[in-house]
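J.: Provide a 3D model corresponding to the input given below.
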Amino acid sequence: MLALGGIHMAFTILPSRTLSRGRWHDPVLTLLDVLGVILIGFIWQHVGALQNPAFLVVFALPVIGAIFLSRWHPYLIATVSVCVVGVVALVQAPELRWYASGLLGGDAWLTWLFGRQAR
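T.: Residues are numbered from 1 along each chain as shown. Next comes the predicted model:
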């Protein structure tokens, strides 16, 4: 939560009028937004993940906030949110891996990424 507070402070400082807007401004805002979504995924994993599905509502907040950055930010952040939720779900519940292996064909990459599924 402290890291999310730091990201919030950086979001507050970056658009201030005292800092000059350079070429680095937009990529830094995008990076901070993506890091925030990854941190939310990390927190969701530690508060129960699939046993706490109400926490998934929190992933909508960065998408809503990204509306104010540019036209393409909400799409990027929504995609990152879906990917983070999928990875956390696959890590927490190995029984979901059968679906991913059937969807993409073969499970060699899942075994390499997450280890062998306990049967």
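J.: enumerate every residue touching Gly41.
T.: Under the criterion of Cβ atoms under 8 Å, 6 or more residues apart in numbering, the neighbours of Gly41 are 59, 84-85, 87-88. C-beta here means a position set from N, CA and C on the backbone, and glycine is covered the same way.
J.: what do you get if the cut-off is 6 Å, keeping everything else the same?
T.: With contacts defined as Cβ atoms under 6 Å, 6 or more residues apart in numbering, the neighbours of Gly41 are 84, 88.
J.: tell me which element it is part of?
T.: The secondary structure element spanning Gly41 is helix 25-46 (assigned by DSSP states H and E).
J.: report the buried residues of that helix.
T.: 29-30, 32-41, 44-45 (16 or more other Cβ atoms under 10 Å).
J.: check stretch 58-71 too.
T.: Taking 16+ other Cβ under 10 Å as the basis for neighbour counts, the residues of stretch 58-71 that come out buried are 59, 62-63, 66, 69.
J.: how about a markdown table for the buried residues of helix 25-46, with pLDDT added?
T.: Shown next, in a markdown table, are those (pLDDT from 0 to 100):
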| residue | pLDDT |
| --- | --- |
| Leu29 | 81 |
| Thr30 | 84 |
| Leu32 | 83 |
| Asp33 | 86 |
| Val34 | 90 |
| Leu35 | 89 |
| Gly36 | 88 |
| Val37 | 92 |
| Ile38 | 93 |
| Leu39 | 91 |
| Ile40 | 91 |
| Gly41 | 92 |
| Trp44 | 90 |
| Gln45 | 90 |
